[in-house]
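>>> Kindly generate the corresponding structure for this input.
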Amino acid sequence: MSSWQERLKPLLVVFSVGVAVVAIGLGFLFGMDNPISWVLVAAVIALLIFLNWRAKKDFFVWDSKYLIGIPSIDVQHQQLLSLLNDFQRAYAYNAGEKFERHCFDALVEYTRLHFSFEEELLAKNRYPELDAHKLEHRAFVAKVEEYSSRYQQEHSYETMREVADFLKQWLLHHINGTDRAYSGYLQAKGVK
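Next up, the predicted model:
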């Protein structure tokens, strides 16, 4: 499906629901026993349930299994993933290039702040794998800057979707992998 078709999907859904609601209202003008109105009510409810399921599938839903046990880091991870969802909504619902860029920049800036906080905490506690952890962070930043340059040149929906998929996979892997690896070390040092 082309990017313009992807961007039209939310508009078509809103339009369809709007038409169905008007049809339901008109149908009920002829009486509450109008079967067509009730079929349309069921269809709208089914569509809303489907869209809710789809949103949960497409967007990140925080779960306690992502906690690493360091509250200051866990709160930052929740914020990172919330910003990721904001970014995904901005491009998925065609919020406009300016807002998409704002959400992307906010996510990248917060990620850098989080990395800085995390690295300082690890350095302060002399985490033995700090250099490897920093390399992961630098590789992530380089990849995001590459996507940012591509987006500035192309302004494409595909680039936005790619960067969202990359961010989601990378952040989840990082949280559940290398961040979880240092949590036990920091907890043993008394970091809470």
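
>>> And the pLDDT at the spatially most central residue of the chain?
Residue closest to the average C-alpha location in the chain (Cα atoms, centre = their mean): residue 85, at 2.4 Å. If you check residue 85, the pLDDT there is 89.

>>> Check residue 185 too.
The model's pLDDT for residue 185 equals 93.

>>> picking that back up, for the residue nearest to the centre of the chain, which non-adjacent residue is spatially closest?
Distances taken as Cβ to Cβ, 6 or more residues apart in numbering put residue 59 closest to residue 85, at 4.7 Å, once the chain neighbours are dropped. For glycine as for every other residue, the C-beta is placed from the backbone atoms N, C-alpha and C.

>>> for residue 115, same thing?
Closest to residue 115 by Cβ to Cβ, 6+ apart is residue 137, at 4.5 Å.

>>> Show the contacting residues for that neighbour.
115, 118, 119 (Cβ atoms under 8 Å, 6 or more residues apart in numbering).

>>> Can you work out which other helices and strands pack against the helix or strand where the second one lies?
By that I understand residue 118. Residue 118 is part of helix 97-124 when elements are defined by DSSP states H and E. For helix 97-124, the packing partners by 3 or more Cβ pairs under 8 Å, 6 or more residues apart in numbering; DSSP states H and E come out as helix 71-92, helix 130-154, helix 157-174, helix 180-188.
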